[in-house]
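Visitor: here is the input, now give the coordinates:
(2 chains)
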Amino acid sequence: MKRSLILAVPLLFLVGILLWNQAVGVEKSTGYVLPGEVKEGWKVFTTKRCGICHSIWGEGGKGGPDLGPLPKTYVSPAQLAALMWNHGPEMWGKMSFQKLPLQKMSLKEMADLFAFLYFIRYMDEPGDPNRGKAVMEAKGCGKCHAIQKGQKEDLGRWAMYINPILWAQMMWNHEPQMEQAMKKKGIPWMEFKENEMTDLIAYIRSLSSNFEKIYLSPGDPRSGEKLFSQKGCIVCHTPSGELDLSKKKDFPRTLTQLAGLMWNHSRRMWKEIEEKGLERPLLSPQEMADLVAFLFSKRYFDPPGNPLKGKMVFNKKQCHLCHAKGKTLDLKGLKGKVSPILMAQTLWNHGPEMFEKMRKEKVSWQKIDGQEMVDLMEYLNQGMP
Amino acid sequence: MKFSRRDFLKMGGGVGVAMALGGGFVQWTHWPESDSSNAPGIEKWIPTICGQCTGGCGTLVRVIDGWAVNIAGNPLHPLNRGTLCPKGIAGLQALYDPDRLRSPLKRIGNRGEGHFEPISWKEALHQVSKVLIELREKGETHQLVVLGGRYRGLMRSLWERFLKAFGSPNYIDNQFRWEDPPLEGLLLTQGIYDLPAYDIEKAQYILSFGSGILESFWSPVQMLRGYGHFRRGRPGLRGRFVQIESRLSSTGIKADEWVPIQPGTEGVLALGIAHMILKEGLYHKAFIAEQAFGFENWKDSEGREHLGFKEFILSEYEPAVVSKQTGVPIDQIIRLAREFSSNLPSLAIGYRDRPFHQMAVSVLNGLVGSIDVPGGLLIPRSVPYRPFPSFSEDTIAQRGNSQRPLFGRNEGVGSPSYLFAKNVISGKPYKPKVLFLYYTNPLFSNPNPEYFFKAFQEIPLIISFSPYLDDSTKFSDLVLPDHTPFERWQDDPVFLSNGFPALGIRQPVVSPLYQTKATGDFLLEIVRELGGQIQKALPWNEFKEVMIYCLRGVFEAKRGDIFGLQFDEAWTRLLQRGGWSVPTYQTFEEFLNLLYEKGGWWDPVYDFGERSRVFRTPSNKFEFYAQGSQKTLFPVGKIKDSNVLPHAEDLKQGETDQPYPFTLHVFRTISLTGGRNANQPWLQSMVGQHLFERWRTWVEINPETAKKMSISDGDWVWVESRRGRIKAIARHYKGTLPNVVNIPFGQGHRGGGRWSKGIGENPYHLIDDHLDPVTGFPVQGTTKVKIYKA
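Guide: Got it, this is the predicted structure:
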């Protein structure tokens, strides 16, 4: 009991994100189910034998896609449910071929699984040291940072920082000094794209292993929210304003991408901070972790859908053939209960049966995108008006 | 007569032993009637670490009313996951050995006669302190020597710190075994002088060059588990295992293929295989290009041309040449080379042969890129202990520490114990005055034990800390018996075959049965007697305090977690890969409590691609040309390129074939791996399972050879070398080459109690003293013997 409590408490980084959002998010009003626990989700992943086909960063089966690095962009819960829907027939076919029985999932288990899949997707896939070396050369980092032991600027010392948040924190705090040094040496400002930062970190980590690695305790989104105001971030990134981070379409998917993004924009940010006469907000590693937890938490849930569009989806995808009002499988009873997790759970448990019925009725399996899923859920949540 | 439940259990501790003995059971059947009810006792299962060999398996000991009655594997310990080998199961026999030493002893007769009288610990402390104070007063601190055996963890650090503070450079390792992994090979190619991990679970093909990994490896249970996974744990993928050795061992029996070879030429075969891999271009080109040094001919900083590995091997080790030396057919050499290089990841595992034979095996892993990759050779990280606080030596200690050590020139390399013995006999640079023996039995466990007898005679005071009156303890002047592993605290840092570091905690499962004392605790008592800077360097009262002090580093490292189920393992790994630390404990007290409750801590992460950890060579690469060896192995004079490239070493078979026609091969069985378990009847009863041999020493002879010599299966024979002879039972064994005879090691003790003393023979008495110039250890496969009926 004590052990499970101890385990549960530090997982604030995501669990906190999810519970906190549940309290403040739009979804609360629509009665979304309680999002799950990350570690329990991992347990579901292993006990339901997802790992037979799917790997996480290379560890696990090769029959299905690796769920660590994929997909490349941010995936909301509705998008995830849509993805599962679209790939359902292929998955069931592969499971049948491998003689893997379908293991039904409870709503709680599906919620846990979602939490887990969300969690691993914003952690970074392992970087490539060789590509990182190329990045280092291309960006000219070596002009200031030697890769030699004993030198002050030796980047090898940084090998101990394996959590990208620590990189984000250090790069954020030292940006002004770095910018000055770069100017002095006539080095143009450079930016990091996609996984370049991940590869760079992998390269630097490969250089030295003489230090104990430094790990970070997961951040707390509540503290992050407070910091967001205290450190003055909110002055520029006002909610619903032009720079509202929760609405940013190219918001990074992973933590290292976030570190890269902070670096890319740091020069501009520092300038604006100066122009506005604000104090330079320096951050400790844990503050940065809290802040990042807060920023990621703002992106977990989908925006509300459009019930009218949802109705169109319902008809276009031929759901009405079986689930229309008055039919045996009337979905009106789902009013106010629908969430991506429920959709995924229903699909998982009843999908093969549905698929078989559709096959008999000669109805093809209809693919659906994330936005369509959001609208469809809204339509169902409103009781199919 | 009253007979309490406690008394019953006290006797009951010996029941297992008595049953194993058969004859002993009778006396236990005459128990007096108990006047108390036969109510169930209080039962506990206490996690600890097996002390039967160096394996480091986690055990759970069933304790009833304070008496240990059963042993099972700890399912949470990642090394053995609930499994145990026969040695582990027999562990209680070490605890309840009726011939255990029960108090400190002082010699009263002549040395070696085995006559002692009991003394108190107070008296023992007084005597030892007096001698050490004298050494300090006379400025002779360097004449204190500690000879340490095969153990791990902070006890070793404690000895070293004690010697440093006292003023002696003489901590001497006495733990060389031919069966160990090829440490010198790793030193030459990767600059690391420590045990590597072999990721056999993920390998596809294993070439084992004389390595008894399934029976006499440092951690046999771990290897057996890994082997099971290698063969059956991956659906659709069954690894292939090839065993190359002169004797068909248990490992060979389990392998897919046994390649019989002349003893001592395994490394030569590796060179032949390397030749074919090079010739057919089957090597891993990316690894060679990016991570290797000395593969091609090269120029040094002064512009001098040097011969590279490729040209040298291609010119010197044609299969025909290798076949002639090894006895392995050319076709087989070619096939093995192709199989090894085309079934990646493949692994070559050797034994502690001569250094450049070891290197020949190591470079095979480099040729196929099986270094620091899943399924290859890995370099584990260590357990992050908190370092001891700094201290300054006093002037006496400084003077003592500046003296030349007694273990010769190759500091930290090879087996200093032989060089130590040699220096003691010669008296150069000086003779020791006091010798501590800790966890070692050099008068039994080293080839040519007479050499050590001779050296020991030169030392005025020998103090043994053994719990048993073993061969070396019998030769001591003062015996200060340690607790057995079930009675003491000890840390046990190990690593798994996949490179994960793990820390097992050995804790007392029973109160000490006798008046014994943990050596660590006694050492700290001596420190208090000595006082001054020595006490400042070691400010603890007992060993457990030392352990807790250093464990704080593990807690503060914020990595890894307490032992858990396999599900927890993957979870911890997943988090740590992202740079997160989410252990099951929050405070140091919680950490300690969980550590004792679950049995230990581990870090289920291996960081691939950390080149500075994996290659500690001058080039920071895998060295096919051992640049680093010039400094460590050949510090004086210029050397030829071919001397530092892997090459066939001179076997120095000094005897002519006529008087001694057989090569002697000494091997270890799983039950008596280290020779430290001979006092356990269960293990004596299963020492030679493949031939149903027990309680005696046998010599394996090829049946055809035996027939020609008219030696029948079961005849008593003499096996004689230039050094002496031993009597053994002749056993016809088909897994023996016609010109080789095999004798197991582990029996033939001159002490150790009723189940050890005088049982069987020690084949090390036959071994020639051809010492390898680098390791300082006798060379395996060079002793010639003859056999005749007794």
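
Visitor: now do the contacts for B:Ala706.
Guide: Contacts for B:Ala706 (CB atoms under 8 Å, 6 or more residues apart in numbering or on different chains) come out as B:Ser712, B:Asp713, B:Ala730, B:His732. Every residue, glycine included, has its C-beta placed from N, CA and C.

Visitor: how about 6 Å then?
Guide: Neighbouring residues of B:Ala706 by CB atoms under 6 Å, 6 or more residues apart in numbering or on different chains: B:His732.

Visitor: distance of it relative to B:Arg694?
Guide: Separation of B:Ala706 from B:Arg694 (CB to CB, to the nearest Å): 21 Å.

Visitor: give me the residue from chain B nearest chain A.
Guide: Nearest residue of chain B to chain A: B:Gly579, at 2.7 Å (CB to the nearest CB).

Visitor: and B:Leu307, what are its phi and psi?
Guide: In this entry, B:Leu307 is assigned phi and psi values of phi -70, psi 130 (degrees, to the nearest 10).

Visitor: burial measure for the nearest residue to it once chain neighbours are set aside, as a count.
Guide: Nearest in space to B:Leu307, with sequence neighbours left out and distances taken as CB to CB, 6 or more residues apart in numbering or on different chains, is B:Asp641 at 4.0 Å. By the criterion of other CB atoms under 10 Å in any protein chain shown, B:Asp641 has 18 neighbours.

Visitor: for A:Gly277, same thing?
Guide: 6.

Visitor: show me what from the stretch 51-200 of chain A comes close to chain B.
Guide: A:Met123, A:Pro129, A:Ile162, A:Asn163 (CB under 6 Å from any CB of the partner chain).

Visitor: need the nearest residue in space to the residue nearest the centre of chain A, chain neighbours excluded.
Guide: With distances taken as CA atoms, centre = their mean, the residue of chain A nearest its centroid is A:Tyr122 (3.9 Å). What sits nearest to A:Tyr122 in space, not counting adjacent residues and going by CB to CB, 6+ apart, is A:Thr254, at 5.4 Å.

Visitor: show me the contacts for A:Ala344.
Guide: For A:Ala344, the contacting residues are A:Ala81, A:Met84, A:Met110, by CB under 6 Å, 6+ apart.

Visitor: quick check: the closest residue to B:His690 other than its chain neighbours vs B:Tyr733, distance?
Guide: Using CB to CB, 6+ apart and skipping residues adjacent in sequence, the residue nearest B:His690 is B:Ser250, 6.8 Å away. Distance, B:Ser250 to B:Tyr733, using CB to CB: 12 Å.

Visitor: residues making contact with the longest helix belonging to chain B?
Guide: In chain B, with assignment by DSSP state H, the single longest helix is helix B:121-137. Helix B:121-137 has contacts (CB under 6 Å, 6+ apart) with B:Pro104, B:Thr141, B:Leu144, B:Ile396, B:Val434, B:Leu480, B:Glu525, B:Ile526, B:Glu529.

Visitor: in it, what's buried?
Guide: B:Ala124, B:Leu125, B:Gln127, B:Val128, B:Ser129, B:Val131, B:Leu132, B:Leu135, B:Arg136 (16 or more other CB atoms under 10 Å in any protein chain shown).

Visitor: same question, stretch A:131-150
Guide: Applying 16+ other CB under 10 Å to stretch A:131-150 flags A:Arg131, A:Gly132, A:Lys133, A:Val135, A:Met136, A:Lys139, A:Cys141, A:His145, A:Ile147 as buried.

Visitor: can you tell me which two in those residues are farthest apart?
Guide: Among those, the pair separated by the greatest distance (CB to CB) is A:Arg131 and A:His145, at 17.6 Å.

Visitor: what comes into contact with whichever strand or helix holds B:Ser417?
Guide: Applying DSSP states H and E as the criterion places B:Ser417 in helix B:416-426. Applying CB under 6 Å, 6+ apart, the set of residues contacting helix B:416-426 from outside is B:172-174, B:406-408, B:451-452, B:454-455, B:458, B:771, B:776.

Visitor: save these as a markdown table, and put in neighbour count and distance to A:Lys99 too.
Guide: Formatted as a markdown table, the contacts of helix B:416-426 follow (neighbours: other CB atoms under 10 Å in any protein chain shown; distance: CB to CB, whole Å):
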| residue | neighbour count | distance to A:Lys99 |
| --- | --- | --- |
| B:Ile172 | 23 | 60 |
| B:Asp173 | 19 | 55 |
| B:Asn174 | 24 | 56 |
| B:Leu406 | 24 | 67 |
| B:Phe407 | 26 | 62 |
| B:Gly408 | 17 | 64 |
| B:Tyr451 | 22 | 64 |
| B:Phe452 | 26 | 63 |
| B:Lys454 | 14 | 69 |
| B:Ala455 | 23 | 67 |
| B:Glu458 | 14 | 73 |
| B:Leu771 | 20 | 61 |
| B:Gly776 | 22 | 59 |
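
Visitor: excluding its backbone neighbours, what's nearest whatever residue of the stretch 251-385 of chain A ends up closest to chain B?
Guide: Chain B sits closest to A:Leu255 of the stretch 251-385 of chain A, with a gap of 7.4 Å, by CB to the nearest CB. Distances taken as CB to CB, 6+ apart place A:Pro164 nearest to A:Leu255, at 4.5 Å, with adjacent residues excluded.

Visitor: also B:Ile562?
Guide: Using CB to CB, 6+ apart, the nearest residue to B:Ile562 is B:Leu594, at 4.4 Å.

Visitor: distance of the one you found from A:Pro164?
Guide: B:Leu594 is 29 Å from A:Pro164, by CB to CB.

Visitor: between these two, which one's more packed in?
Guide: A:Pro164 (25 against 22).

Visitor: mind listing what the more buried one touches?
Guide: A:Pro164 touches A:Leu255, A:Thr256, A:Ala259, counting by CB under 6 Å, 6+ apart.

Visitor: kindly report the same for B:Gly751.
Guide: B:Gly751 neighbours (CB under 6 Å, 6+ apart): B:Leu469, B:Asp470, B:Asp471, B:Lys474, B:Lys757.
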